[in-house]
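Chemist: task: produce atomic coordinates for the following.
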Amino acid sequence: MMRPGFILIAAIGLLIASCSKKVEPTYRYFEVGITGVQADWRDSSFVVATADTQLINKIITQLAMPIDDRQIVSGELVRGNGGYNINGSHSFGWHFKENNWELVDMSAEIYDGRAYSDLDVDPNYWFGQMKRFAPWGSYIKKEIIR
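Modeler: Coordinates of the predicted model:
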């Protein structure tokens, strides 16, 4: 015969276990455009993701502004496309770490580059030395509804 105290402790343990499940964030995806003429079409845009509500609110404000007034993207690089960083038929070999990128007015020149012609062509340099990417001509172009 089980004691009532044991049943209560077991029930509390199950309740705690069910409440401690990790909740996956709901990401929103944004296309990053690049101003200027690009020698390779794959350098013209890439995709970023965030669930950070403050950043999302800032992005919404940016989308209402003229392109020339929008801030550039700057973020920490992660290998792989994250399941979303594509441009047309091209799947990039990198993405920004979700929730670890931002919109900034300027960045050091060493982080400037091209999505395909620099990062995809020479990933060992970018992942080994730079670890960040902040293309100077970048801006949030639009939200991508998935």
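Chemist: next SSE after the longest strand anywhere in the chain?
Modeler: If you go by DSSP state E, the chain has its longest strand at strand 94-104. Note on strand 94-104: by DSSP states H and E, the next helix or strand toward the C-terminus is helix 123-125.
Chemist: which SS state does Phe30 fall under?
Modeler: When classified by DSSP: H, G, I helix; E, B strand; the rest coil, Phe30 comes out as strand.
Chemist: what residues does it make contact with?
Modeler: Counting by C-beta atoms under 8 Å, 6 or more residues apart in numbering, Phe30 makes contact with Val47, Val48, Ala49, Thr50, Ile59, Ile140, Lys141, Lys142, Glu143, Ile144. Quick note: C-beta positions are derived from backbone N, CA and C, even for glycine.
Chemist: and Gly137, by the same measure?
Modeler: Ile34, Thr35, Gly36, Ile72.
Chemist: same question, Gln71
Modeler: Gln62, Leu103, Val104, Asp105, Tyr139.
Chemist: neighbours around Val78, how many?
Modeler: 16 (other C-beta atoms under 10 Å).
Chemist: that one: what secondary structure?
Modeler: strand.
Chemist: for Thr61, grab phi and psi.
Modeler: Main-chain dihedrals, Thr61, degrees, to the nearest 10: phi -60, psi -40.
Chemist: for Val32, see how far away Lys142 is.
Modeler: Lys142 sits 10 Å away from Val32, going by C-beta to C-beta, to the nearest Å.
Chemist: give me the more crowded residue out of the two.
Modeler: The residue with more neighbours, out of Lys142 and Val32, is Val32; 24 against 13, by other C-beta under 10 Å.
Chemist: wait, doesn't the more buried one sit right on Ser138?
Modeler: Yes. Val32 is within contact range of Ser138, at 5.2 Å (criterion: C-beta atoms under 8 Å).
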